[in-house]
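1. my questions concern the predicted model and sequence given below.
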Amino acid sequence: MIRQITENPIDGITWNAGYSDPYLVINFRAQLQTFEMEVDGRNSNRYLIVPGNFSFVQPGFKIGGFYRGTQMCYACITFPSERLNPRFADGEPKIGLSDPVIRTLAEALYLQRHRNDPDAILYRESVTETLIQHLQLIHLQSDSLGDIKPSSLDYLESYIREHLDCKLTVSQLATIVGTTPQTLQHFVNKRFGQSVYEWVTTLRLERSLDLLSHSQMGLAAIAVESGFANQSHWTRLFRRKFGITPGKLRKQKQK
């Protein structure tokens, strides 16, 4: 159930929320200049909130915040406690995470919030169930920040592959799976034998090799599409990994 939605200009507002069921607070739009959040009157933190950021709060916890900035749209979506695994329903709140899948599903619920015909109700139930399962699988399965499950890394790899042409930072990627940069570095190294930077670079190189082999794109365009700073940077890393420059490899394939 979507409890509340705000689409008004905001320039300094203090708010508090707390429900008897677990709830998800998600920001659909707006880049806020200042956002401070506390849980149960403690652990006050300042965050940079961007579209798609969300927090998940279990029943019994109250969150409060202070906004300053701009017009925004956010929703507070509650779930029946019995729909969540009891271990997750009783855990610690997850604050200030980011996930494009959560944002897409929440926006789907938001767009259908006023319809009450049978088809719309069934649609909202289906989307809500998908949202709950994704939330549990990706963000709530760790008992602590020291535990990242393989499925979370699989999800993160899919996210990286879809955003290779964007700037990706370790902090950003850690936030997506709800952990710290240090913990993410540890588990990526444990699984792939690489640092996060090396892992992302490997995925970029794999993308560039595929484009080089199966497209007619120019070399400079392939470098950009794969997320490299420029063609020279890509060529240097490509030769180091594959033992040949992109230009020579393409000429070989054209013979």
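-> Good, I have the coordinates.
2. how close does residue 27 get to residue 111?
-> Here the criterion is CB to CB, to the nearest Å. By it, residue 27 lies 16 Å from residue 111. From N, CA and C alone the C-beta is placed, and that goes for glycine too.
3. these two: which has the busier surroundings?
-> Taking residue 27 and residue 111 together and counting by other CB atoms under 10 Å, residue 27 has the greater number of neighbours (23 against 9).
4. nearest residue to residue 127 other than its sequence neighbours?
-> In space, residue 127 comes closest to residue 108 once its chain neighbours are excluded; the distance is 5.1 Å by CB to CB, 6 or more residues apart in numbering.
5. tally of neighbours for the one you found?
-> Counted by other CB under 10 Å, the residues lying close to residue 108 total 16.
6. could you do residue 28 as well?
-> Considering only other CB under 10 Å, residue 28 is surrounded by 18 other residues.
7. each with direction, which strands does the helix or strand hosting it pair with?
-> Of the helices and strands defined by DSSP states H and E, residue 28 is found in strand 23-29. Applying DSSP bridges, strand 23-29 is found paired with strand 53-57 (antiparallel), strand 73-78 (antiparallel).
8. nearest to residue 93, of the ones you listed?
-> For the strands paired with strand 23-29, proximity to residue 93 was assessed by CB to CB; strand 53-57 is nearest, at 4.5 Å.
9. with just CA atoms, put that closest one into PDB.
-> Taking only C-alpha atoms (Å, rounded to 0.1, in the frame of the first residue of the first chain), the coordinates of strand 53-57 have been written out as PDB:
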ATOM      1  CA  ASN A  53      17.400   6.100  -3.400                       C
ATOM      2  CA  PHE A  54      15.400   4.100  -0.900                       C
ATOM      3  CA  SER A  55      15.300   3.000   2.800                       C
ATOM      4  CA  PHE A  56      13.700  -0.100   4.200                       C
ATOM      5  CA  VAL A  57      12.400   0.100   7.800                       C
END
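10. pLDDT (mean, whole number) over that strand?
-> Predicted confidence along strand 53-57 averages 81 (mean pLDDT).
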